[in-house]
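# sequence below, structure please.
(4 chains)
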There are 2 protein chains.
Amino acid sequence: MADSSTSSTATSSHELDAPPWQRVESTLMSAASVIRQEYDKRFAELDLNLSQAMMLAYVAEFGAESQTRIADRLGVGRAAAGNIVDNLERRKLVERQPDPDDRRVWLVNVTAAGKELSDKVIEIDIVFRADLRKGISRAERQQLASLLLRIQENLN
Amino acid sequence: MADSSTSSTATSSHELDAPPWQRVESTLMSAASVIRQEYDKRFAELDLNLSQAMMLAYVAEFGAESQTRIADRLGVGRAAAGNIVDNLERRKLVERQPDPDDRRVWLVNVTAAGKELSDKVIEIDIVFRADLRKGISRAERQQLASLLLRIQENLN
DNA sequence: CGAAACATGTATGTCGCTATACAGTCTTTA
DNA sequence: TAAAGACTGTATAGCGACATACATGTTTCG
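Next comes the predicted model:
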């Protein structure tokens, strides 16, 4: 579906005559959307979407942290983070433990089953990123990241 | 909110030790999200979100086209496009006209008020893109677009 | 100590999009 | 011409995210 707009953005190399929805900004958002969709698609075999997979991998790596901290790290709101934890907890992939030092807080930790699934998440991620980077050199990736960060910094 | 994850992605220049949610792909999606939010924010003064603004500008430029074609051009589904048209039509910014050649089709056209608002949309877009590009050369933008397209093409 | 200010996690409502199914309308083809 | 198929726009349900409001618990400081 997005491919039609995708191919039309190919004309944005000369920008003067390109309408707003065919410019670099649109290409950027379109690329992000395609990547997110493909992530979701590949994680579907694990019955996870991208948010759940990221949460699981994060918790598996960093262990018992509060939901608020996880939410900040993952760039979602606290409510969304709570929902994702609810879902993963229902499937026994993570578990909530009370924080001994602060009774408001739940510390989220990975279970054995969650750790196992997390390994598969990381594996899929590695394969996907390799696919994504085909034909793109390390230097180009670094410049891409640098440009993206500079664009973001222009918004503060 | 996304800024915390944003600043953490700044460490992704050396990728080997960076966890999955801090890599270039995340930087890309994060940048897209920030751009979308800022677009919404700037169009809010016109009581439009990004989708509505894009639709309005598109219709103002290309005139009477079917909803399906507009949906394809804008990269959304037909149902979503219909909803956006509903909204803009309620506010008398666009109007639906029957296609004389095909009774299934509504041709969407801009009204005088819509054309006027569309000019403001374009103006805001120009200012925003100038802000976004501060300190980024034309050559860099072209390379950015090229890299993004190559990444997208790797997914087909 | 005690009260105000703050932090955490949850519930609720809203928003925008997708996917699906549908009725109405062409278009193709036998 | 008739039947099969394809296309258009819409209704509906579902998902995932956000903002807001709230109850609960904690910290600060007079």
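# distance check, the closest residue to residue A:63 other than its chain neighbours against DNA strand D.
Excluding its sequence neighbours, the residue lying closest to residue A:63 (CB to CB, 6 or more residues apart in numbering or on different chains) is residue A:109, at 6.0 Å. To be clear about C-beta, it is placed using only N, CA and C from the backbone, and glycine gets the same treatment. According to CB to the nearest atom of the strand, to the nearest Å, residue A:109 stands 19 Å off from DNA strand D.
# next, the buried residues of stretch A:97-115.
Neighbour counts over stretch A:97-115 (16 or more other CB atoms under 10 Å in any protein chain shown) mark A:105, A:106, A:107, A:108, A:109, A:110, A:111, A:114, A:115 as buried.
# then the fifth one would be within a strand, right?
So the one you mean is residue A:109. Yes: the assignment for residue A:109 is a strand, going by DSSP: H, G, I helix; E, B strand; the rest coil.
# got the phi and psi for the residue of chain A found nearest DNA strand D?
Residue of chain A nearest DNA strand D, by CB to the nearest atom of the strand: residue A:103 (2.9 Å). Per-residue torsions, residue A:103: phi -70, psi 0 (degrees, to the nearest 10).
# try the one 3 residues further on
Backbone dihedrals for residue A:106, given as degrees, to the nearest 10, come out at phi -100, psi 130.
# okay, residue A:149 and residue B:31: tell me how far apart.
To residue B:31, residue A:149 is 8 Å away according to CB to CB, to the nearest Å.
# who's in contact with the helix or strand where residue A:40 lies?
Applying DSSP states H and E as the criterion places residue A:40 in helix A:24-43. Outside helix A:24-43, the residues that touch it by CB atoms under 8 Å, 6 or more residues apart in numbering or on different chains are A:2, A:5-6, A:9, A:12, A:15, A:20, A:49-50, A:52-53, A:121, A:124, A:127-128, A:132, A:148, B:25, B:28-29, B:31-33, B:35-36, B:75, B:129, B:132, B:141, B:144-145, B:148-149, B:151-152, B:155.
# quick one: whichever helix or strand comes after that helix to helix A:24-43, angle?
As assigned by DSSP H and E, the chain's next helix or strand after helix A:24-43 is helix A:50-62. Relative orientation of helix A:50-62 versus helix A:24-43 (axes from the mean of the first three to the mean of the last three CA atoms, to 10 degrees): 70 degrees.
# next, the buried residues of helix A:50-62.
The neighbour-count check on helix A:50-62 (16+ other CB under 10 Å) flags A:50, A:51, A:52, A:53, A:54, A:55, A:56, A:57, A:58, A:59, A:60 as buried.
# show me which of those neighbour DNA strand D.
Filtering the buried residues of helix A:50-62 for proximity to DNA strand D by CB under 7 Å from any atom of the strand leaves A:50, A:51.
# and of the buried residues of stretch A:97-115, the nearest to residue B:96?
residue A:108 (49.8 Å; CB to CB).
# which helix or which strand is home to residue A:81?
helix A:78-90.
# what about that helix, near chain B?
No: Helix A:78-90 stays out of contact with chain B when judged by CB under 8 Å from any CB of the partner chain, the minimum separation being 9.8 Å.
# ditto for stretch A:117-137
Yes: against chain B, stretch A:117-137 shows contacts by CB under 8 Å from any CB at A:122, A:125, A:129, A:131, A:132, A:133, A:134, A:135, A:136.
# burial count for residue A:68?
Residues lying near residue A:68 (other CB atoms under 10 Å in any protein chain shown) number 15.
# so it makes contact with residue A:78?
Yes: shown here, residue A:68 and residue A:78 form a contact pair, counting by CB atoms under 8 Å, at 5.7 Å.
# would you mind listing which of the contacts of helix A:24-43 are buried?
Buried subset of those (neighbour count, 16+ other CB under 10 Å): A:2, A:5-6, A:9, A:12, A:20, A:49-50, A:52-53, A:121, A:124, A:128, A:132, A:148, B:25, B:28-29, B:31-33, B:35-36, B:75, B:129, B:132, B:141, B:144-145, B:148-149, B:151-152, B:155.
# need the contact list for residue A:124.
For residue A:124, the contact set (CB under 8 Å, 6+ apart) comprises A:42, A:43, A:45, A:46, A:53.
# sketch out the low-pLDDT regions of chain A for me.
A:1-22 (pLDDT under 70).
# tell me which parts of it are close to DNA strand C?
So chain A meets DNA strand C at A:1-2, A:66-68, A:78-79, A:82, A:85-86, A:96, A:102, A:104-106 (CB under 7 Å from any atom of the strand).
# from those residues, which is closest to chain B?
residue A:2 (4.7 Å; CB to the nearest CB).
# if we can go back for a sec, buried ones among the residues of stretch A:117-137 next to chain B?
The neighbour count (16+ other CB under 10 Å) marks A:122, A:125, A:129, A:132, A:133 as buried among those.
# gap between the first one and DNA strand C?
Residue A:122 sits 25 Å away from DNA strand C, taking CB to the nearest atom of the strand as the criterion.
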